[in-house]
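Asks: Dropping a prediction and its sequence here:
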Amino acid sequence: MIDLYTWATPNGRKISIMLEELELQYCSQPIDIGKGVQFSDNFIAVNPNSKIPAIVDNDGPDGEPLTVFESAAILIYLAEKTGSDLLPRENQPRYQVMQWLMLQMGGVGPMFGQAHHYLRFAKEDVPYAKKRYLDETRRLYGVLNGRLSETEFLAGACYTIADIATYPWIARYDWHEVDLNDFPAVKRWFDKLSTRPAIVRGMKIPHADKKRT
């Protein structure tokens with residue numbers, strides 16, 4: 001059984017989608033970041049950086065429990081644990097996945113996250129910040145659209161952890177003041193992924209009583 005510490009954010013949903021795709025047994029443990037639960041001693045013992053998501057794999061390497069935090073690290077760990085094709089083993093396709101995964105981690109996540117903050121949560125209006133992060137968000141949509149105009153999925157012909165990492169951020173396109181019709185290749189990809197049963201299930205996590213058995 002895997003314990004998933006999560007909340008209803010794009011980063012959290014990456015991991016519930018991955019666990020659903022792999023059909024692994026897991027139990028979700030909601031960490032209410034609006035109430036500051038991520039700063040509790042119990043959660044800091046799991047992730048000293050006080051961020052969701054994190055997992056504890058009670059059947060880790062050599063049969064010992066293993067804690068993993070940072071969403072990309074968790075995606076890589078789970079793919080390698082199961083030998084899943086969601087992270088290819090061959091060098092060229094593997095590094096295609098890695099570069100688009102890291103674009104999400106270093107670009108899409110941080111920039112979209114800042115847009116979320118200044119558009120929806122900031123206690124004061126900061127027009128400069130809003131424009132800066134909205135402009136960068138739209139630029140990144142353009143990068144993704146260019147790529148997906150050439151390939152079915154971000155890393156090429158196959159669905160991978162790069163798509164899993166990026167999808168929950170695009171799912172908040174309305175928060176970005178983006179019309180997906182302006183980015184038709186992203187819309188085609190998004191609509192296709194939105195029909196995957198594991199994505200539909202994973203996007204509904206966390207629930208306090210959620211277990212996958």
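Replies: Everything's here; your move.

Asks: Surely residue 173 and residue 180 touch.
Replies: Yes. Using CB atoms under 8 Å as the test, residue 173 is close enough to residue 180 to be in contact (5.6 Å). Where you see a C-beta, it was placed from the backbone N, CA and C, and this is true even at glycine.

Asks: Common neighbours of these two, please.
Replies: With contacts taken as CB atoms under 8 Å, 6 or more residues apart in numbering, residue 173 and residue 180 have residue 190 as neighbours in common.

Asks: Would you map the helices across the protein?
Replies: 10-22, 41-44, 71-82, 91-103, 109-116, 127-148, 161-170, 184-193, 197-202 (DSSP state H).

Asks: Least confident secondary structure element in this structure?
Replies: Within the chain, no helix or strand scores below strand 211-212, which has a mean of 52 by mean pLDDT, DSSP states H and E.

Asks: residue ranges with poor pLDDT in the chain?
Replies: 207-213 (pLDDT under 70).

Asks: What residue spans form the domains of the protein?
Replies: As given by automatic domain parsing, the domain ranges for the chain are 2-86+199-212, 91-196.

Asks: Format the ones you listed as TSV; extra columns: mean neighbour count.
Replies: Compiled in TSV, these are given as follows (neighbours: other CB atoms under 10 Å):
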stretch	mean neighbour count
domain 2-86+199-212	18
domain 91-196	17
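
Asks: Would you mind telling me which of the helices of the chain is nearest residue 31?
Replies: helix 41-44 (5.9 Å; CB to CB).

Asks: Next, residue 171: phi, psi?
Replies: phi -60, psi -10 (degrees, to the nearest 10).

Asks: pretty sure it contacts residue 203?
Replies: Yes. Contact status for residue 171 versus residue 203: in contact at 6.9 Å, counting by CB under 8 Å.

Asks: Which residues are in contact with each of these two?
Replies: residue 13.

Asks: Turn the helices of the chain into CSV, columns for distance to residue 52.
Replies: Listed next are the helices of the chain as CSV, based on distance: least, CB to CB, whole Å:
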stretch, distance to residue 52
helix 10-22, 5
helix 41-44, 8
helix 71-82, 9
helix 91-103, 18
helix 109-116, 13
helix 127-148, 22
helix 161-170, 13
helix 184-193, 22
helix 197-202, 14
